[in-house]
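In: Here's my sequence, what's the structure:
(2 chains)
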Protein chains: 2
Amino acid sequence: MEDVPTRSQAMGQLTWTVAGSQVLGLAVIAITGVWMGHYRGGISWSGMQQFNVHPLCMVIGMVFLYGDAVLVHRVFRNETKRITKILHGVIHCMAFIIAIVGLVAVFEFHRKSNITDMYSLHSWCGIATFALFFIQWILGFSFFLFPGVTFSLRSSYKPLHGFFGIALFALSIGTCLLGILEKIFFSIPMTNTGYEPERVLANVLGLLLVAFGISVGYIVTKEEWRRQPLPEEQALSMDFKTLTEGDSPSDS
Amino acid sequence: MEDVPTRSQAMGQLTWTVAGSQVLGLAVIAITGVWMGHYRGGISWSGMQQFNVHPLCMVIGMVFLYGDAVLVHRVFRNETKRITKILHGVIHCMAFIIAIVGLVAVFEFHRKSNITDMYSLHSWCGIATFALFFIQWILGFSFFLFPGVTFSLRSSYKPLHGFFGIALFALSIGTCLLGILEKIFFSIPMTNTGYEPERVLANVLGLLLVAFGISVGYIVTKEEWRRQPLPEEQALSMDFKTLTEGDSPSDS
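Out: Okay, the predicted model is just below:
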């Protein structure tokens, strides 16, 4: 009577869902590029085009790379835990650097154009997300990559790291949606309230961002797709825990 | 060496976190009311004020009541599963009706004022959220309250119901943030780019919406706070499953 998929079926479904998420993520980057390239005069580090660096960098860093960093533990499930943790940290580091470039671009553009900083809800949510992402990265590094942290400390921080990782990812996508709406208000006169091609493109971008977020969230929270410790990790963690603390094994 | 909180400590923490979430949720409703009442001329079913019914209803229905419906299984953990399921469904039903009033208000306001419908990202996200919420409600009712659905069907749908429940809640809050930004663009001249009191109030409302969303998400995903089946449910479900399907017990 049971209708539970076999392990290989579950892994096949995971592969297809990850592939789908990557198509969505690349579509998001491509559409942001088309929007900035075709409708907003392209990308440059000077003039009006300097602003356009901002959406592109934030979408690549705080959405696509962030999402893919989150997926690392599910996708590279046959690599050692140490390798996946390092890869997770490195991709987040790349996301952080690209996001910094995107932030510098918009603040410099504002300064050169005499535009007030940090007055809109987009900027408030964006700075909050970025600051919390930075704190999360530092805490993640300290707990999971810094040597000498005990198993029980890692185990008690791990659910918090996972929860806030996903919450900040959602907030990051929400901030992008706010940015899209704001940019459309600045680009299309408010008296035009129709289905202008640029607005439709921007709205489709918004929906694709949501779809990417949902696909990543689904993959990372689905119980059957959780990474299982490799046999040697299971044995090692048992030994290590017995030696150091004497409590039960964990996948941290 | 273990630092795991006792059951009563965990329940005490749950109570305080739920109390905090309710303070945030009520603050969100109050601030939306103050915004519409103090800055936007109050609430009415006619004239310009008809629009103001929309944000208030959507925040009460699709955020506060939606969030509280999600929390029912955690908060009323000593009631029978049947009672909590009915309460969950009833609060979602109230949320749905109040959201309908909010939607009728804005569409009627648009019709009377000759404003185009459904062109902005806020409206696209909003309609998508509402339609998916409706589908989720129908599916939830059919699987969990309609008699005669088998244990394995309920068990296989349950994780999807939980995941999309939280994803749509996040999308609902994202849509509110878009609505806040849009309303500020229509209310404050675009040449004013400073810290006008109305804008600051609206931005604070946005951050509080995010905080409410995070608090509800945290409560509902924290493993230690998951509702455990009552002793009699455990026994009943074992009997029922053995009689009908012969597979392992579940809390569906």
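In: Tell me if the helix or strand hosting residue A:203 is near chain B.
Out: Assigned by DSSP states H and E, residue A:203 falls within helix A:197-221. Yes: applying Cβ under 8 Å from any Cβ of the partner chain, one finds helix A:197-221 touching chain B at A:199, A:202-203, A:206-207, A:210, A:214, A:217-218, A:221. Placement of C-beta: from N, CA and C, glycine included.
In: Give the buried subset of these as a ChimeraX selection command.
Out: To isolate the buried ones among the residues of helix A:197-221 next to chain B in ChimeraX, judged by 16 or more other Cβ atoms under 10 Å in any protein chain shown, type:
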select /A:199,202,203,206,210,214,217,218,221
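In: which of the residues of helix A:197-221 next to chain B lies closest to residue A:37?
Out: Ranked by distance to residue A:37 (Cβ to Cβ), the residues of helix A:197-221 next to chain B are led by residue A:202 at 13.7 Å.
In: quick one: the closest one and residue A:212, what's the gap?
Out: 16 Å (Cβ to Cβ, to the nearest Å).
In: Do a quick rundown of the helices in the stretch 101-250 of chain A.
Out: A:121-140, A:151-187, A:197-221, A:231-244 (DSSP state H, counting those that start in this stretch).
In: pLDDT below threshold where in the stretch 151-252 of chain A?
Out: A:236-252 (pLDDT under 70).
In: Spatially central residue in chain A, please.
Out: residue A:66 (2.4 Å; Cα atoms, centre = their mean).
In: For the closest residue to that residue other than its chain neighbours, list the residues it contacts.
Out: Distances taken as Cβ to Cβ, 6 or more residues apart in numbering or on different chains put residue A:95 closest to residue A:66, at 5.0 Å, once the chain neighbours are dropped. Applying Cβ atoms under 8 Å, 6 or more residues apart in numbering or on different chains to residue A:95 gives the contacts A:61-62, A:65-66, A:69.
In: Is there a neighbour count for the nearest residue to residue A:34 once chain neighbours are set aside? I'd like the number.
Out: Among residues not flanking residue A:34 along the chain, residue A:201 sits closest, at 7.1 Å (Cβ to Cβ, 6+ apart). Applying other Cβ atoms under 10 Å in any protein chain shown, we find 18 other residues in the vicinity of residue A:201.
In: So residue A:201 is in contact with residue A:30, correct?
Out: No: using Cβ atoms under 8 Å, residue A:201 makes no contact with residue A:30, being 11.1 Å away.
In: Provide a list of residues in contact with residue A:106.
Out: A:51, A:53-54.
In: Mind doing that once more with 10 Å?
Out: Counting by Cβ atoms under 10 Å, 6 or more residues apart in numbering or on different chains, residue A:106 makes contact with A:50-55, A:57-58, A:115, A:117, A:123, A:126, A:179.
In: Equivalent analysis for residue A:93, please.
Out: A:65, A:69, A:137, A:141.
In: what number of residues lie near the third one?
Out: Same thing as residue A:137. Neighbours of residue A:137 (other Cβ under 10 Å): 17.
In: Quick one, grab the pLDDT at it.
Out: Note for residue A:137: predicted pLDDT of 97.
In: Check what pLDDT the closest residue to residue A:64 other than its chain neighbours gets.
Out: Leaving aside its sequence neighbours, residue A:64 sits nearest to residue A:25 (Cβ to Cβ, 6+ apart; 4.6 Å). For residue A:25, the pLDDT comes out at 98.
In: Show the contacting residues for residue A:133.
Out: Here residue A:133 is in contact with A:61-62, A:66, A:92, A:95-96, A:99, A:164-165, A:168-169, A:171-172 (criterion: Cβ under 10 Å, 6+ apart).
In: Also residue A:164?
Out: A:132-133, A:135-136, A:139-140, A:171, B:214, B:217-218.
In: I'd like those residues written out as CSV, with distance to residue B:13 added.
Out: As requested, these are exported to CSV (distance: Cβ to Cβ, whole Å):
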residue, distance to residue B:13
A:132, 21
A:133, 26
A:135, 22
A:136, 21
A:139, 20
A:140, 23
A:171, 24
B:214, 16
B:217, 16
B:218, 11
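In: Among those, which one sits closest to residue A:86?
Out: Closest to residue A:86, out of all of these and judged by Cβ to Cβ, is residue A:140, at 11.6 Å.
In: burial count for that closest one?
Out: For residue A:140, using other Cβ under 10 Å, the count is 20.
In: contacting residues around the spatially closest residue to it that is not a sequence neighbour?
Out: Leaving out its chain neighbours, the residue that sits closest to residue A:140 by Cβ to Cβ, 6+ apart is residue A:161, at 5.6 Å. By Cβ under 10 Å, 6+ apart, residue A:161 lies in contact with A:136, A:139-140, A:143-144, A:154, A:252.
In: What is the nearest of these to chain B?
Out: residue A:154 (12.1 Å; Cβ to the nearest Cβ).
In: wait, isn't the closest one in contact with residue A:143?
Out: Yes: Residue A:154 is within contact range of residue A:143, at 5.6 Å (criterion: Cβ atoms under 10 Å).
In: neighbour count winner among those two?
Out: Neighbour comparison, residue A:154 and residue A:143: the larger count goes to residue A:143, with 19 against 15 (by other Cβ under 10 Å).
In: Do I have it right that that one meets residue A:162?
Out: No: Residue A:143 lies out of contact with residue A:162 (Cβ under 10 Å); the separation is 11.9 Å.
In: quick one on the thing from earlier: in contact with the residue nearest to residue A:34: list those residues for me.
Out: So residue A:201 contacts A:31-32, A:34-35, A:38-39, A:180, A:184 (Cβ under 10 Å, 6+ apart).
In: before we move on, what about residue A:211?
Out: Residue A:211 neighbours (Cβ under 10 Å, 6+ apart): A:20-21, A:23-25, A:27-28.
In: residues touching residue A:53, list them.
Out: A:36, A:43-45, A:101-106, A:108-109.
In: Give the ChimeraX command for selecting the buried subset of the residues you listed.
Out: Applying 16+ other Cβ under 10 Å to those, the buried members can be selected in ChimeraX as follows:
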select /A:36,43,101,102,103,105,106,108,109
